[in-house]
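Engineer: Can you look at this prediction? I've put the sequence above it.
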Amino acid sequence: MSNHDLHSSDGPRAGRPKRRHFTAAYELRMVEEYDTAAQGEKGALLRREGLYDSSIQLWRRQRSAP
């Protein structure tokens, strides 16, 4: 296996978007902002940040876990 094989950018998934990674500080900030937002502003927050409600729910559970 050559170095070229490991870093090939011309495969069938070359144009596929990369998975986003968030810092713990960002996740905590988004959960707090979501929880304090008025009912009509929660969707706007999710759209602005490009997030899903399921991400907020997951981060909230992770925050509460021991």
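Structural biologist: Looks like it arrived, so ask away. Residues are numbered from 1 along each chain as shown.
Engineer: name the helices or strands packed onto the helix or strand harbouring residue 58?
Structural biologist: For residue 58, the host element (DSSP states H and E) is helix 53-64. Packing partners of helix 53-64 (3 or more C-beta pairs under 8 Å, 6 or more residues apart in numbering; DSSP states H and E): helix 24-36. (Glycine included, C-beta is placed from N, CA and C.)
Engineer: Name the surrounding residues that touch the helix it packs on.
Structural biologist: Defining contact as C-beta atoms under 8 Å, 6 or more residues apart in numbering, one finds that helix 24-36 is touched by 22, 42, 45-46, 49, 51, 55-56, 59-60, 62-63.
Engineer: let's go with 10 Å and repeat that
Structural biologist: 22-23, 41-42, 45-46, 49, 51, 53, 55-60, 62-63 (C-beta atoms under 10 Å, 6 or more residues apart in numbering).
Engineer: ok so, going back, mean confidence score for the helix holding residue 58?
Structural biologist: In this model, helix 53-64 carries a mean pLDDT of 96.
Engineer: can you state the direction angle for that helix and helix 24-36?
Structural biologist: Angle, helix 53-64 to helix 24-36, by axes from the mean of the first three to the mean of the last three C-alpha atoms, to 10 degrees: 110 degrees.
Engineer: before we move on, back to that, just the buried members of the contacts of helix 24-36?
Structural biologist: Listed as buried from the contacts of helix 24-36 are 42, 46, 51, 55-56, 59-60; burial here means 16 or more other C-beta atoms under 10 Å.
Engineer: Turn these into a markdown table, including distance to residue 34.
Structural biologist: Below are these laid out as a markdown table (distance: C-beta to C-beta, whole Å):
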| residue | distance to residue 34 |
| --- | --- |
| 42 | 6 |
| 46 | 8 |
| 51 | 9 |
| 55 | 10 |
| 56 | 5 |
| 59 | 9 |
| 60 | 8 |
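Engineer: confidence score at residue 16?
Structural biologist: Reported pLDDT for residue 16: 85.
Engineer: Where does it sit: helix, strand or coil?
Structural biologist: The three-state label given to residue 16 by DSSP: H, G, I helix; E, B strand; the rest coil is coil.
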